[in-house]
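Participant: Structural data only, the sequence is not supplied:
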């Protein structure tokens, strides 16, 4: 891996040449739910074995530029004693770390504010010394006929901006994730409006804080109808609406937009990304930062058994390669057979 001396170089590297991000920062309870689905106990050793299997997959190389880790994982060593961070680096990817502390309700409302600013500076210093070169903070925005409120948007985007500034002061790239949830029966137009309001507020506050946009990565949702909406948008409409929304609010000098999959299926996540890159006409790299949409086929193939390692790694490698192609507008559904 070439020397990366500035946060601008780090941000650019993560998303260049069709590369994207593997989100492997599930908290232990979330990882527990995934493991429950395959009948595997969620303990430290099993979580380590699973993530080691992912990180050693051949398809990491050339397709994955960064891996987001959970606190437990950044400290772990593989079965043979190799730090997991070294395995990631050897694959040509940079280690990142989730630094927020989860959600807390705003008063009595159903909306939430992400926690974690207290003590963040000290934690960032430790994570940098452990080898992290980028970070992630997730804000959650709910949509309904009356939501999101202005308070939820402003408080969450303010926290994201404060976090981003602190991260850059510690020589790491902040990934800002203002996720407008798919949960609900809202229309694609309501999602567009909530996403538009969130991004406008976020980039205004990042600018006010003096955050270096060239050393920042955006991890947004795609503009889709709610998961329970009676009217579903097709692939092309999602692509068109998402690009339109991003072009309205995202500065041209942002190096990368890496989408979250947000509950979409593996194939939908890839098809939407490909359709957007086929449209083109934007300056930023449009790529992926997928968790479930990259991992799910590998998890199902693995089933907690060592003898399934190769099959599981092939499944992850395939999805990583498909999404890399989609990041360059070169994917086709015929490649999935």
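Facilitator: Looks like it came in fine. Keep in mind that what you see is a predicted model, and the values were worked out from it rather than measured.
Participant: Quick one: the helices in the chain, in order.
Facilitator: Taking DSSP state H, the helices of the chain run over residues 7-15, 28-36, 44-55, 71-74, 84-90, 120-130, 150-169, 188-209, 235-249, 266-279, 292-302, 309-326.
Participant: Which one, of the ones you listed, ends up nearest to residue 139?
Facilitator: Taking Cβ to Cβ as the criterion, helix 150-169 is the member of the helices of the chain that comes nearest to residue 139, at 3.8 Å. All C-beta spots, glycine's among them, are computed from the backbone N, C-alpha and C.
Participant: Contacts for that closest one, please.
Facilitator: Residues outside helix 150-169 that contact it (Cβ atoms under 8 Å, 6 or more residues apart in numbering): 7, 99-100, 106, 109, 111-114, 116-117, 120-121, 124, 135, 137, 139-142, 173-174, 176-178, 197-198, 201-202, 205-206, 208-212, 215-216.
Participant: Name only those of the residues you listed that count as buried.
Facilitator: Those of these that meet the buried threshold are 7, 99-100, 111-114, 116-117, 120, 124, 135, 137, 139-142, 173-174, 176-178, 197-198, 201-202, 205-206, 209, 211-212, 215-216, by 16 or more other Cβ atoms under 10 Å.
Participant: Name the residue closest to the centre of the protein, please.
Facilitator: When the chain is reduced to its mean C-alpha position, the closest residue under Cα atoms, centre = their mean turns out to be residue 289, at 3.5 Å.
Participant: would you list the helices of the chain in CSV and tack on distance to residue 334 and mean pLDDT?
Facilitator: Output for the helices of the chain, formatted as CSV (distance: least, Cβ to Cβ, whole Å; pLDDT from 0 to 100):
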stretch, distance to residue 334, mean pLDDT
helix 7-15, 26, 98
helix 28-36, 30, 96
helix 44-55, 26, 97
helix 71-74, 36, 97
helix 84-90, 32, 98
helix 120-130, 42, 98
helix 150-169, 39, 98
helix 188-209, 27, 98
helix 235-249, 15, 98
helix 266-279, 12, 98
helix 292-302, 18, 97
helix 309-326, 11, 98
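Participant: contacting residues around stretch 42-55?
Facilitator: The contact list for stretch 42-55 (Cβ under 8 Å, 6+ apart) reads 22, 24, 28, 31-32, 35-36, 40, 60, 67, 72-73, 76, 78-79, 84, 87-88, 91, 295, 298-299, 302, 304, 309, 312-313, 316.
Participant: What is the distance between that stretch and the centre of its chain?
Facilitator: On the basis of Cα atoms, centre = their mean, to the nearest Å, stretch 42-55 is displaced by 20 Å from the centre of the chain it belongs to.
Participant: Could I get the buried residue list for that stretch?
Facilitator: Of the residues in stretch 42-55, those scored as buried under the neighbour-count criterion (16+ other Cβ under 10 Å) are 42, 47-55.
Participant: can I get the residues you listed in CSV with distance to residue 281?
Facilitator: Below are the buried residues of stretch 42-55 laid out as CSV (distance: Cβ to Cβ, whole Å):
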residue, distance to residue 281
42, 44
47, 42
48, 43
49, 44
50, 39
51, 37
52, 40
53, 39
54, 34
55, 35
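Participant: Nearest to residue 330 among those residues?
Facilitator: Using Cβ to Cβ, residue 54 comes nearest to residue 330 of these, at 23.9 Å.
Participant: Tell me, how many residues neighbour residue 324?
Facilitator: Other residues near residue 324 come to 24 when the count uses other Cβ atoms under 10 Å.
Participant: That one and residue 294, how far apart?
Facilitator: Spatial separation of residue 324 from residue 294 under the definition Cβ to Cβ, to the nearest Å is 11 Å.
Participant: same deal with residue 333?
Facilitator: When Cβ to Cβ is the yardstick, residue 333 and residue 294 sit 18 Å from each other.
Participant: check contacts around the closest residue to residue 148 other than its chain neighbours.
Facilitator: Distances taken as Cβ to Cβ, 6 or more residues apart in numbering place residue 141 nearest to residue 148, at 4.8 Å, with adjacent residues excluded. Applying Cβ under 8 Å, 6+ apart, we find residue 141 in contact with 111, 148, 152-153, 156, 178-181, 194, 198.
Participant: now with 7 Å?
Facilitator: 148, 152-153, 156, 178-181, 194, 198 (Cβ atoms under 7 Å, 6 or more residues apart in numbering).
Participant: Per-residue confidence, it, what does it come out as?
Facilitator: According to the per-residue confidence, residue 141 scores 98 in pLDDT.
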